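> Generate coordinates for the sequence data below:
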Amino acid sequence: MHTIGILGGGQLARMLVLAGAPLGLRFLVVDSAEDACAGQVAPLLRADWREFDKLADFAARIDVATFDFENVPAETAHWLTEHTRVFPNPRALAVSQDRLAEKTLFGEIGLDTPAFAAVDSRDDLARAVERIGAPAILKTRRLGYDGKGQFRLKSPADVDAAWAALGGAPSILEAFVPFERELSLVSVRSRDGEFRTYPLTQNWHADGILSASLAPAPGAESLVPLARAHAQRIAEELDYVGVFALELFVRDGKLLGNEMAPRVHNSGHWTIEGAPASQFENHVRAVLGLPLGDTSALGVNAMLNWVGELPPAEAVLAEPRAHWHDYGKSPRAGRKVGHATFCANDAAEMHERLSRIGAALEREAQVAPVLAALA
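Residues are numbered from 1 along each chain as shown. Below you'll find the model as predicted:
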């Protein structure tokens, strides 16, 4: 029986454990928090990322290590490679941790991006705004997620406020993109190079946090071959093993690269019930060197994220082909505490289902853009 070690004990680790259990796998999770929610379903080793004596015990008890959190220090990732197999590899982790390196990689493989510039000083920022223009978004190069570590400049007059807001951290200025929609492509590459993708997914955000997803993305069929080609080139360039998500903007019918996440991804949660093999199952298959599973969509699928607190489950569970996921976290503003997936045979059926859910939960604003896309 194989044991997979997971660095990070959040909901992604929790869902990896639940996906691997039917395959007869064991898991060991390491996290600095005693109440990490993955500890409810797998043994939890409490350790900080640089407590190498504890990590040595962790490495000795597993067959392979992976991540539910991309901001594990590079030093830790490299240390682990000397003690066990690690997927994805430290280089893939390092590139995705640094927005400048990430955007540079996108350009190297032929994926267009919004205009960007490195910012290491207040003067750099002023020059970048002069060249790129405003509005623009200043982002820390590292450690930003779910809208954190960002400041939107509406005009050049915001330079001082932006620089102060990010604390003078090494950053990247990106042109604001008046995009038509946001898409993501969740992909998986195995240890022997087999590559598969799930359907393109359309996403909507609120306050920088994913609010809803719809898969397959309506009317995006013509974009699939190019999106898939970009993802495969990234995976091969990084010798990537496991699941990753490529986040994309669509502007004037063309794809622009936004970010990549070197792990299973929030926008792929619908695959648990909406695909023959979920992103979580395919990730554990990939890191263990097992054959990959089918990534096609079973009909039309929507995911609603629960942020801050859970709504009443009863209204969701009353719907046919509705699936409830409680992450076992305490409520907190801005915290992802669960999600629900809705599956349907076609767009019309999904429209009816989400209309009822929006009304029952008084979340019409959350479902409204999904309904518009389905219409």
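
> Looks like E364 contacts G358 (just checking).
Yes - taking contacts as Cβ atoms under 8 Å, E364 lies within contact range of G358: 4.5 Å. Where C-beta positions appear, they are placed from N, C-alpha and C, glycine not excepted.

> Could you measure from Q279 over to A344?
20 Å (Cβ to Cβ, to the nearest Å).

> And for G8?
G8 is 33 Å from A344, by Cβ to Cβ.

> hmm, who's touching stretch 363-375?
For stretch 363-375, contacts defined as Cβ atoms under 8 Å, 6 or more residues apart in numbering pick out 181, 202, 204, 206, 211-212, 214, 217-218, 300, 302, 304, 311, 347-348, 350-351, 354-355, 357-358.

> mind listing which of the residues you listed are in strands?
Judged by DSSP state E, the contacts of stretch 363-375 include 181, 202, 204, 206, 211-212, 214, 300, 302, 304 as members of strands.

> Would you mind checking these for buried ones?
With neighbours counted by 16 or more other Cβ atoms under 10 Å, these contain buried members at 181, 202, 204, 211-212, 214, 300, 302, 304.

> Do you have the helices of the chain handy? List them.
Assigned by DSSP state H, the chain shows helices spanning 11-20, 52-60, 74-81, 90-97, 99-108, 122-132, 159-165, 224-237, 271-274, 279-288, 313-317, 347-361, 364-374.

> what's the second one in contact with?
Outside helix 52-60, the residues within contact range by Cβ under 8 Å, 6+ apart are 5, 28, 30, 45-47, 49, 65, 76, 79-80, 83-84.

> How far does it sit from its chain's centre?
Per Cα atoms, centre = their mean, to the nearest Å, the displacement of helix 52-60 from the mean C-alpha position of its chain is 27 Å.

> ditto for the shortest one
Relative to the centre of its chain, helix 271-274 is centred 16 Å away, using Cα atoms, centre = their mean.

> State the mean pLDDT of it.
Over the span of helix 271-274, the pLDDT mean works out to 98.

> And that helix, what does it pack against?
helix 279-288, strand 300-307, strand 322-326, strand 336-344 (3 or more Cβ pairs under 8 Å, 6 or more residues apart in numbering; DSSP states H and E).

> With distance to G268 added, can I get the ones you listed in CSV?
Converted to CSV, the helices and strands packed on helix 271-274 look like this (distance: least, Cβ to Cβ, whole Å):
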stretch, distance to G268
helix 279-288, 4
strand 300-307, 9
strand 322-326, 13
strand 336-344, 11
